[in-house]
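Novice: Below: sequence and its predicted model.
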Amino acid sequence: DGCNSTFFSAIGLNYTKVCGQARGYQFGAPEGIYPNGGAESRYIDGTYVDGLSITYGSNPHQYIWTYAVGGYEDETSAYSCPCNNGSTTATPSYVGNDYYCESGTTSYATNKFYPDDIMWDGQQCDYLESPCCSSSTIPWFTKTLPQSVTDDIELRMCSSRGYPNEATPIDIIEIYIR
């Protein structure tokens, strides 16, 4: 039910490239990236993902990358990862293809922790989820910005329903600018 933010200072340095990685886990039944056009996804400043949103700037945020957690691997509904084979979910226009999405369970998720399938590591991407792990650079992302900026990087941990229904615990986050 909202997003919590952490900021990574650019200490006033100009940069045009951002790269990084995240490692997380699934708790409960997350819903991936909310369908394009839905009330939650209409604006980048809203809660458009169950997972991590990486942005810079404000009013509105400027998009960098998303790490999303889908409901379960063998799913094609609006709550699946958009990259799943047969998924009916489209990403919001500001997300495009600049995201990673995985699920930690092969069947319907319940309100428990799924530690055995690490998110965004490119492993255990079975069933319909296999296209979500096709990037040779996963878990790393690289983004070239349209202009040089000095803004701090904002990491938002977002959830539509909150704990104990869903959460995305993380144990690694690295962000670099150049």
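Specialist: Structure received.

Novice: CA only for contacts and neighbour counts going forward, please
Specialist: Fine.

Novice: Report the secondary structure element holding the residue nearest to the spatial centre of the chain.
Specialist: With distances taken as CA atoms, centre = their mean, Tyr67 lies nearest the centre of the chain, 2.0 Å away. Using DSSP states H and E, Tyr67 falls within strand 62-69.

Novice: Within the sheet, what are the partner strands of that strand, with directions?
Specialist: strand 51-56 (antiparallel), strand 99-102 (parallel) (DSSP bridges).

Novice: CA atoms only for the very next helix or strand once past the shortest one - export them in PDB, please.
Specialist: Note on strand 99-102: by DSSP H and E, the next helix or strand toward the C-terminus is strand 113-119. As requested, C-alpha coordinates have been extracted for strand 113-119 and formatted as PDB (Å, rounded to 0.1, in the frame of the first residue of the first chain):
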ATOM      1  CA  PHE A 113       8.300 -16.300   2.400                       C
ATOM      2  CA  TYR A 114       9.700 -18.000  -0.700                       C
ATOM      3  CA  PRO A 115      13.500 -18.000   0.000                       C
ATOM      4  CA  ASP A 116      14.400 -20.900  -2.400                       C
ATOM      5  CA  ASP A 117      14.100 -18.900  -5.700                       C
ATOM      6  CA  ILE A 118      16.100 -15.700  -5.600                       C
ATOM      7  CA  MET A 119      14.600 -12.900  -7.600                       C
END
